[in-house]
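*Asks:* Coordinates only, no sequence provided:
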């Protein structure tokens, strides 16, 4: 059984994984000072790079949108996986065997190895098919693509390839790369006859089907020649990699824009996905030979952050009877979403690919923008089945359509559609509303309606943050800290004034302490721990460092992680920011000098504060009445001054 991954193994994976190598797979990074790298943020659109990675502390931070985290959270967000899946993926990447709590197990190492061999075989096949599209024998395939408005750049963008005619072109290629027939049988790319295995895809255009992480797990093949007796489209059969009910074609290309735009467009075919993306609808995906079902919805909800705060799913269907049937089937699944669901139907029956060919990219965009709420479409489709010119027909239509209206989960919209239905039927609103209420009551007695419009609480709710990006401070209101009230309600926080020289110096000291914790070794830790910070936000971070203790200062990754865990939740973005901002030095010697100087300035400031306090005591003291106390304070002031001069000399 699956179990929780041991905490120490999670820490080990985090520590041993080079975050720069992982981020490099998604973002082009360039050096930005010693030990820092910068690139365009993958979480928001920007022209100037503000996304910073600091491998030494194992963290990233975007100074534009505020996204931050470690290598695990980066993989979670970019690949849209769970924490558990991200850790396992990173562990496999570095060859680290995870241990699990309570006797639980993770992926079997042998099975992981077999899966990787299958993925590698698909990658080789993908490259083979793409290379074949450029050969003379693939002229028919290139003509097909050209005839549908796809040039070579479009083919390369979507990885379209060609399977040669014949029985063993791919088979020979993969055998030549060291794959056994036993392995090849498991890929789904081969059929088996009396004489052994042979190519499943022959003389067809090939589309690679990839999972959300971008790994090729199957193929879709389109018939090109009249003598091909197979179906028009032939897909990889079910394998350990390819489960058609869990796959959406184009998800690897669309996932970022789906998450960013909070929109998912579902079309019917590979060429429709291509047409949509090339027309600017970059959130389009397609199912692979099956209806849009429960497993697809799980993928969509994860990408859309389907939590009741927005988002939309748009289904495109042909205007014919089959298209209407598909739309109504989609409506049955609608209740699984919190996002609003819509349908976009082209009256002429043209699909996005045909539409783009006939009327250009703008026609595809217009189709999507003409979307209608799916429940409106479902109601109207229900009414079309009845003769509304007769009393009997209207009564039958009401009986069938009232349960459809009753399924609308938004309690504010439902009465409005009951009134619309009354108008379409030409019946009194009160009569239709009663029928809807009865249908809703019957549904409730059968099972609890899915969703009540509330949705889970948004991240950041109740944390005292100002409205803004979920779980983050609003622009211009980044973290500070105040005493937590007895009620436990977290107060709002204000950003320290960057023009304040003391606040600026305190910030620099925290940057040094987080990024170069080895500077706190030995007696320096005692001085640093005893320091006081005037700025509330920085004092809170300093408190978290003291709570973490000096034992972790030799391990920058774990040090920052522990400090992140110790600070109040709203301050974590601030810690991430402090941990990755480049230090103003161009080489190791410069970093050392800078760190020593900043810490010396911090300690000197503390000495100045202590001297001022003792000087005040001295001025208030009656020297004749308390000569010993007077002498003690003078000695301490002298020692503090000597210490201050020593710090300046060392710096």
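*Replies:* Done, it's in. Given the structure is predicted, the values throughout are model-derived calculations rather than measurements.
*Asks:* count of neighbours near residue 211?
*Replies:* As a burial measure, residue 211 scores 20 neighbours (other Cβ atoms under 10 Å). For every residue, glycine as well, the C-beta is placed using N, CA and C.
*Asks:* For it, give its distance to residue 150.
*Replies:* For residue 211, the distance to residue 150 equals 23 Å [Cβ to Cβ, to the nearest Å].
*Asks:* buried stuff in whichever strand or helix holds residue 507?
*Replies:* Assigned by DSSP states H and E, residue 507 falls within helix 501-515. Residues of helix 501-515 classed as buried: 503, 505, 506, 507, 508, 509, 510, 511, 512, 513, 514, 515 (neighbour count, 16 or more other Cβ atoms under 10 Å).
*Asks:* Now the residue nearest to the second one when sequence neighbours are not counted: which helix or strand?
*Replies:* Nearest residue to residue 505 in three dimensions, chain neighbours excluded: residue 601, at 5.7 Å (Cβ to Cβ, 6 or more residues apart in numbering). Under the criterion of DSSP H and E, residue 601 resides in helix 588-620.
*Asks:* Look up how far residue 295 lies from the residue nearest to the spatial centre of the chain.
*Replies:* Centroid-nearest residue in the chain, with Cα atoms, centre = their mean: residue 77, separated by 2.8 Å. Distance, residue 77 to residue 295, using Cβ to Cβ: 21 Å.
*Asks:* same thing with residue 616?
*Replies:* For residue 616, the distance to residue 295 - Cβ to Cβ - is 71 Å.
*Asks:* Looking at those two, which is more packed in?
*Replies:* Between residue 616 and residue 295, counted using other Cβ under 10 Å, the more crowded position is residue 295 (15 against 10).
*Asks:* any idea which helix or strand comes after the helix holding residue 507?
*Replies:* Counting by DSSP H and E, the next helix or strand C-terminal to helix 501-515 is helix 523-530.
*Asks:* How many residues are close by the residue nearest to residue 505?
*Replies:* Residue 601: 17 surrounding residues under other Cβ under 10 Å.
*Asks:* mind checking pLDDT for it?
*Replies:* Reading off the confidence values, residue 601 has pLDDT 82.
*Asks:* does it really touch residue 507, like I thought?
*Replies:* No. With contact defined as Cβ atoms under 8 Å, residue 601 does not count as touching residue 507 (11.9 Å).
*Asks:* Residue 438 and residue 403 touch, don't they?
*Replies:* No. Using Cβ under 8 Å, residue 438 is not in contact with residue 403, being 9.3 Å away.
*Asks:* so what secondary structure elements neighbour the helix holding residue 601?
*Replies:* Applying 3 or more Cβ pairs under 8 Å, 6 or more residues apart in numbering; DSSP states H and E, we find helix 588-620 packed against helix 501-515, helix 523-530, helix 627-650.
*Asks:* now those helices as JSON lines including distance to residue 16?
*Replies:* JSON lines is the format used below for the helices and strands packed on helix 588-620 (distance: least, Cβ to Cβ, whole Å):
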{"stretch": "helix 501-515", "distance to residue 16": "19"}
{"stretch": "helix 523-530", "distance to residue 16": "26"}
{"stretch": "helix 627-650", "distance to residue 16": "36"}
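*Asks:* In terms of mean pLDDT, which of these ranks lowest?
*Replies:* Here the lowest mean pLDDT among the helices and strands packed on helix 588-620 goes to helix 627-650, at a mean of 73.
*Asks:* For the helix or strand containing residue 314, name the packing helices and strands.
*Replies:* Assigned by DSSP H and E, residue 314 falls within strand 312-318. Applying 3+ Cβ pairs under 8 Å, 6+ apart, one finds that strand 312-318 contacts strand 263-267, helix 321-334, strand 340-346, helix 361-369.
*Asks:* got the angle between the helix or strand following the shortest one and strand 263-267?
*Replies:* This means strand 263-267. Sequence-wise, the next helix or strand downstream of strand 263-267 (DSSP H and E) is helix 270-278. Between the axis of helix 270-278 and that of strand 263-267 there is an angle of 150 degrees, by axes from the mean of the first three to the mean of the last three Cα atoms, to 10 degrees.
*Asks:* Next secondary structure after helix 270-278?
*Replies:* Next along the chain after helix 270-278, taking DSSP H and E as the criterion, comes strand 284-287.
*Asks:* Check the contact between residue 426 and residue 390; I expect there is one.
*Replies:* No. Look at residue 426 against residue 390 with Cβ under 8 Å: they stay out of range, at 11.4 Å.
*Asks:* Sketch out the low-pLDDT regions of the stretch 301-450 of the chain for me.
*Replies:* 305-310, 318-339, 446-450 (pLDDT under 70).
*Asks:* Repeat the analysis, applying 90 as the threshold.
*Replies:* 301-313, 315-351, 371-382, 384-385, 388-391, 403-414, 416-417, 426, 439-450 (pLDDT under 90).
*Asks:* those helices in it, which residues are they?
*Replies:* Applying DSSP state H, counting those that start in this stretch to the stretch 301-450 of the chain gives helices spanning 321-334, 352-359, 361-369, 374-383, 391-406, 413-425, 429-446.
*Asks:* out of these, nearest to residue 44?
*Replies:* With respect to residue 44, and counting by Cβ to Cβ, the nearest of the helices of the stretch 301-450 of the chain is helix 361-369 at 22.7 Å.
*Asks:* contact partners of the closest one?
*Replies:* The contact list for helix 361-369, computed with Cβ atoms under 8 Å, 6 or more residues apart in numbering, reads 265, 275-276, 278-281, 314, 316, 344, 346, 352, 355-356.
*Asks:* gap between residue 546 and residue 505?
*Replies:* The spacing between residue 546 and residue 505, counted by Cβ to Cβ, is 19 Å.
*Asks:* Need the phi and psi values for residue 235.
*Replies:* Per-residue torsions, residue 235: phi -110, psi 160 (degrees, to the nearest 10).
*Asks:* Can you give me the neighbour number for it?
*Replies:* Neighbourhood size, residue 235 [other Cβ under 10 Å]: 22.
*Asks:* And it, how close does it get to residue 205?
*Replies:* Counting by Cβ to Cβ, the gap from residue 235 to residue 205 is 13 Å.
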